[in-house]
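Trainee: Need the 3D shape of this:
(chains A and B)
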Protein chains: 2
Amino acid sequence: MFTLLKTEGRARRGTMTTPHGTIQTPVFMNVGTQAAIKGALDAEDLARIGCQIELSNTYHLHVRPGEDVVRKLGGLHRFMAWDRPILTDSGGFQIFSLASLRKITEEGVHFHSHVDGRAIFMGPEESMAIQSALGSDIAMAFDECIENPSPRPYVEASVARTTRWLERCKAALSELNARADAVNPGQVLFGINQGGTYDDIRVEHMKRIAELDLAGYAVGGLAVGEPTEVMYHILDEVLPFAPSDRPRYLMGVGTPANIIEAVYRGIDFFDCVMPARNARHGHLYTHEGVINLNNQKYQLDDRPIEEGCPCPTCRRHSRAYLRHLFRAQEMLAMRLAVVHNLYFYNRLMADIRDALDEGRFEAFRAAWVEPLSRRI
Amino acid sequence: MFTLLKTEGRARRGTMTTPHGTIQTPVFMNVGTQAAIKGALDAEDLARIGCQIELSNTYHLHVRPGEDVVRKLGGLHRFMAWDRPILTDSGGFQIFSLASLRKITEEGVHFHSHVDGRAIFMGPEESMAIQSALGSDIAMAFDECIENPSPRPYVEASVARTTRWLERCKAALSELNARADAVNPGQVLFGINQGGTYDDIRVEHMKRIAELDLAGYAVGGLAVGEPTEVMYHILDEVLPFAPSDRPRYLMGVGTPANIIEAVYRGIDFFDCVMPARNARHGHLYTHEGVINLNNQKYQLDDRPIEEGCPCPTCRRHSRAYLRHLFRAQEMLAMRLAVVHNLYFYNRLMADIRDALDEGRFEAFRAAWVEPLSRRI
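Mentor: Coordinates of the predicted model:
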């Protein structure tokens, strides 16, 4: 299902085939938390901005509209009118970042909904059942996402439990896929490596979950407070123990520079809410760095966000018009900005793939990490 | 510039040629108050939903970003990337409905901005100068929009002043169009009939302004509180005195039934914020009546808003998905709903034109006024 086409150093160029089509990797997944991209983008827009795979959130869709509604409407692909690949997360991250009154047991997590305060229980079997009803192509294992730094004894106990939960996830999804009424019986499971910032716990955990022969392996619990260099160090330490014939997904990361550095270390899948969130605040990506459209200097600037950018926003609209829309608090400001930033990210990944295809990824990395990190 | 192609009773089928193309009438103008359609629609979306002419608001654009900014960026067409016809209102209506601390003199109106409280003066010359800088194709006369009902002596004095203001508007625009740096020297002026709910004042005013040989004539100050039957009655009384070879515009109206009834009485141009506002609240037009997507009964309804509707929303999305987006407070809900409602209005006008072309408008009116007024 994952095919490694080419490598350059540790960087990898591949494809992953899913029930809804083949993904070219490295890939950035566009985040549609509640089955919609924040900024008023629909599935048609996703196609126009070069999205290969959409990511929705199990926790949010469980709370509203509920997975039974989505299942009755034919699954998430049909619900949101997107017929290409979808990944769902497990709900774990949101339970630990959004919900209140959490209580963790061996069985799972008791918590209260951030929307209406309703008491909810979610464990590995519940998360898999929800993701199966949603019918995503890739389901993520239910894990505990701990803060960085956390005390070593807590991390050891948490990781051991996350491993037991992963075994239960695998068994549960296997049973769900075998049911006659499975929405997407080809749904596969990615495991998630945890271990905080402890190299040895991370490495031992990756070795352990590699034995489970899963469709892919994620590195979770990073970009949650630790310095960037720590994140890169952990990737350096852990990825040699991830199966080379399976895709690797760095969850919730990151800036263009983070992505290039993580591809360099062997990551294939990314997701991040940052480009869309930055867009909604008027921070737009260009190859010279990030521009802030709220700046007075753009008041009469009739150039597009980036000259030569083929995105639907840059083909038609000026910085001055977008700045006006932001100041006038028009919803259209957010839409046009999100379209540009997500297009920019999807194009960055295409450029990375081209560089890998042509054996010049090292040069690409050397040329772009610095300028893409600028704020101008 | 206006050509009357055909009549059926008092109803009229025509065309109006502007510097940015020809408009087929009767027409509904899509409202982009601040040079953007509320609900995250841009000029490309306007073209997709069949918009012939966009309407922007002089008051709002004067306050933000200011007409000098728009002029320096090449005028409103270039600013918002819409190369088809644009009408700007005069600012009068917003001054009387939005601004605070108004003081009316013979010269014009002193008021305070609703955005930042800044003191502003606007009279006929100022309104024309702003509209000239914006470069719309049709400028509206600066008038006083009075409440209904208002005392007769006040209405008489106000209408007399509005007439004097209209003469000043005509002179001002003529001078502005003659300048070498005019943004759109082909810009034309529509006069506005006022007179509250007093038939005789309305008729005398229309006779008076008809003598000014303007490019078009609007009926203003209606749909501001008086019963619908009073509005229809005034149209019956006043329109016989509007020049038959000039377009007639009923400002700020209205429901589909209002539009059909006003076309029946001889109106050619319409505008209204209601279809977009209704959309943003989940109230969607169909040929069986208005549906409220917030209703629980649509939770599992996988039909489009209206079966067979060729709008971008109905071609792709279900009522159940839209209902979810509204409940989840996703911006995309508003966008998809506004696209449908404005498409519905533009299509209604096309259907009215087809009926007039084929001599069956009376039957069209008889068939559609009632169902289009239902809430289902």
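Trainee: Tell me how far the most far-flung residue of chain A relative to its centre lies from residue A:241.
Mentor: No residue in chain A sits farther from the centre than residue A:300, which is 36.3 Å out by CA atoms, centre = their mean. Separation of residue A:300 from residue A:241 (CB to CB, to the nearest Å): 55 Å. For every residue, glycine as well, the C-beta is placed using N, CA and C.
Trainee: same question, residue A:56
Mentor: Relative to residue A:241, residue A:56 is positioned 30 Å away (CB to CB).
Trainee: Between those two, tell me which one has more neighbours.
Mentor: The neighbour comparison of residue A:56 against residue A:241 (other CB atoms under 10 Å in any protein chain shown) goes to residue A:56, with 25 against 17.
Trainee: That one against residue A:79, yeah?
Mentor: No - counting by CB atoms under 8 Å, residue A:56 sits too far from residue A:79 to count as a contact (9.5 Å).
Trainee: ok, and the closest non-adjacent residue to residue A:201?
Mentor: residue A:195 (3.7 Å; CB to CB, 6 or more residues apart in numbering or on different chains).
Trainee: try residue A:149
Mentor: Spatial nearest neighbour of residue A:149, chain neighbours left out: residue A:197 (5.8 Å); criterion: CB to CB, 6+ apart.
Trainee: go on, residue A:127?
Mentor: Using CB to CB, 6+ apart, the closest residue to residue A:127 is residue A:142 (3.9 Å).
Trainee: any idea what residue A:300 is structurally, helix, strand or coil?
Mentor: Using DSSP: H, G, I helix; E, B strand; the rest coil, the structure places residue A:300 in coil.
Trainee: er, residue A:87 actually
Mentor: strand.
Trainee: Which pLDDT does the model give it?
Mentor: Listed pLDDT for residue A:87 reads 98.
Trainee: same deal with residue A:146?
Mentor: So, for residue A:146, pLDDT stands at 88.
Trainee: what's the offset of stretch A:42-60 from the middle of its chain?
Mentor: From the chain centre to the centre of stretch A:42-60 is a distance of 11 Å (CA atoms, centre = their mean, to the nearest Å).
Trainee: Quickly check: it near chain B or not.
Mentor: Yes - Stretch A:42-60 lies within reach of chain B by CB under 8 Å from any CB of the partner chain, at A:42-44, A:60.
Trainee: Could you list the contact residues of the stretch 151-300 of chain A toward chain B?
Mentor: Listed as neighbours of chain B in the stretch 151-300 of chain A under the rule CB under 8 Å from any CB: A:299-300.
Trainee: those helices in the stretch 151-300 of chain A, which residues are they?
Mentor: Listed in chain order, the helices of the stretch 151-300 of chain A (DSSP state H, counting those that start in this stretch) span A:152-177, A:199-210, A:228-238, A:256-264, A:274-280.
Trainee: beta partners for the residue positioned nearest the centre of chain A?
Mentor: Central residue of chain A (CA atoms, centre = their mean): residue A:271, 2.3 Å from the mean position. Listed by DSSP bridges, the beta-bridge partners for residue A:271 are residue A:29.
Trainee: give the contact list for it.
Mentor: Under the criterion of CB atoms under 8 Å, 6 or more residues apart in numbering or on different chains, the neighbours of residue A:271 are A:28-31, A:55, A:87, A:249, A:251-253.
Trainee: pLDDT wise, what is it at?
Mentor: 98.
Trainee: same check, this time on residue A:96
Mentor: Residue A:96 carries a pLDDT score of 82 in this model.
Trainee: what about residue A:15, which helix or strand?
Mentor: Applying DSSP states H and E as the criterion places residue A:15 in strand A:11-18.
Trainee: That strand pairs with which strands?
Mentor: strand A:2-8 (antiparallel), strand A:21-25 (antiparallel).
Trainee: ranking those strands by burial, who's on top?
Mentor: strand A:21-25 (a mean of 19; mean count of other CB atoms under 10 Å in any protein chain shown).
Trainee: those strands in the stretch 1-150 of chain A, which residues are they?
Mentor: A:2-8, A:11-18, A:21-25, A:27-31, A:54-56, A:86-88, A:100-104, A:109-112, A:119-122, A:138-140 (DSSP state E, counting those that start in this stretch).
Trainee: Which of those strands comes out lowest on mean pLDDT?
Mentor: strand A:100-104 (a mean of 83).
Trainee: Now do the residue nearest to residue A:201 against chain B, distance only.
Mentor: For residue A:195, the distance to chain B equals 34 Å [CB to the nearest CB, to the nearest Å].
Trainee: same question, residue A:342
Mentor: Distance from residue A:342 to chain B, by CB to the nearest CB: 14 Å.
Trainee: Nearest spatial neighbour of that residue, chain-adjacent residues omitted?
Mentor: Nearest non-adjacent residue to residue A:342, counting by CB to CB, 6+ apart: residue A:49, 5.0 Å away.
Trainee: Next: residue A:167.
Mentor: Using CB to CB, 6+ apart and skipping residues adjacent in sequence, the residue nearest residue A:167 is residue A:212, 7.0 Å away.
Trainee: and what of residue A:262?
Mentor: Closest residue to residue A:262 apart from its sequence neighbours, by CB to CB, 6+ apart: residue A:250 at 5.0 Å.
Trainee: Same question for residue A:190.
Mentor: With sequence-adjacent residues excluded and distances taken as CB to CB, 6+ apart, residue A:190 is closest to residue A:216, at 3.9 Å.
Trainee: Hmm, that neighbour is touching residue A:243, no?
Mentor: No - with contact defined as CB under 8 Å, residue A:216 and residue A:243 do not form a contacting pair (9.1 Å).
Trainee: Compare the two (neighbour count), which wins?
Mentor: residue A:216 (23 against 16).
Trainee: Need the winner for burial among the strands of the stretch 1-150 of chain A.
Mentor: strand A:138-140 (a mean of 28).
Trainee: Report the distance from that strand to the chain centre.
Mentor: 11 Å.
Trainee: if we can go back for a sec, please compute how far the strand holding residue A:15 lies from its chain's middle.
Mentor: Using CA atoms, centre = their mean, the offset of strand A:11-18 from its chain centre is 16 Å.
Trainee: Tell me which residues are up against that strand.
Mentor: Strand A:11-18 is contacted from outside by A:1-7, A:22-26, A:53, A:85, A:137-138, A:186, A:188, A:216, A:247, A:263-266, A:268, A:353, A:356-357, A:361, using CB under 8 Å, 6+ apart.
Trainee: Stretch A:149-166 too?
Mentor: Stretch A:149-166 has contacts (CB under 8 Å, 6+ apart) with A:104, A:106, A:108, A:123-124, A:141-144, A:146, A:191-192, A:194-198, A:201, A:205, A:208-209, A:212, A:225-226.
Trainee: For ChimeraX, what selects the buried ones among the residues you listed?
Mentor: Written as a ChimeraX command, the selection of buried residues from those, which uses 16 or more other CB atoms under 10 Å in any protein chain shown, is:
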select /A:108,123,124,141,142,143,144,146,191,192,194,195,196,197,198,201,205,208,209,226
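Trainee: Find the residues that touch each one of residue A:56 and residue A:79.
Mentor: By CB under 8 Å, 6+ apart, residue A:56 and residue A:79 have these common neighbours: residue A:35.
Trainee: how close does residue A:84 sit to chain B?
Mentor: On the measure of CB to the nearest CB, residue A:84 and chain B end up 14 Å apart.
Trainee: Quick check, that residue in contact with residue A:24.
Mentor: No - assessed by CB under 8 Å, residue A:84 is found out of contact with residue A:24, at 11.9 Å.
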